[in-house]
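S.K.: pasting the structure only:
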């Protein structure tokens, strides 16, 4: 079984507990946004930040590698660029420990499970479906609350009379 999630850790843990053999995909849009925000907050210049993101997620980036050798070469390129850009070590560590551990298994899973497609996985379709579900649940909840309130008013009026 394969599932795709963002970085909602409670959901990731629950899925792994419920399905021990679960294969996990991470949304590359969330990874991109998280890396961008982290580097912006760390004071990395826009030029360097966008170069790092391109090396990770653009069409010639790590997340689009078609095989292990290409992926390794692209990871080496990102790491070399980070070190040559003289940014703080915590940003390099963040990329190594928080971003690449999501990109690498995504690549390996899409190479193994060809039906997933050979491009970066995102959960935009899931987000859209989730949004529609929340609207419907809200509509139903509001309907029942409204009907309960209206009926309670009628009952209350009858009891008072």
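M.R.: Sure thing, it's come through. Everything quoted here is computed from the prediction, not taken from an experiment.

S.K.: where in this protein is pLDDT low?
M.R.: 6-7, 124-161 (pLDDT under 70).

S.K.: now the strands for it?
M.R.: Secondary structure of the chain (DSSP state E): strands at 2-5, 23-26.

S.K.: can you say which of these is packed in most?
M.R.: strand 23-26 (a mean of 19; mean count of other CB atoms under 10 Å). Just so you know, the C-beta spots here come from the backbone N, C-alpha and C atoms, and that holds for glycine as well.

S.K.: for it, name the packing helices and strands.
M.R.: strand 2-5, helix 9-18, helix 100-112 (3 or more CB pairs under 8 Å, 6 or more residues apart in numbering; DSSP states H and E).

S.K.: quick one: the strands of the chain as CSV, columns for distance to residue 100 too.
M.R.: As requested, the strands of the chain are arranged in CSV below (distance: least, CB to CB, whole Å):
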stretch, distance to residue 100
strand 2-5, 18
strand 23-26, 11
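
S.K.: among these, which is nearest residue 101?
M.R.: Smallest distance to residue 101 across the strands of the chain (CB to CB): 9.0 Å, for strand 23-26.

S.K.: residue contacts, the nearest residue to residue 88 once chain neighbours are set aside?
M.R.: Excluding the flanking residues, the one nearest residue 88 by CB to CB, 6 or more residues apart in numbering is residue 42, at 6.3 Å. Residues in contact with residue 42 (CB atoms under 8 Å, 6 or more residues apart in numbering) are 87-88, 90-91, 94.
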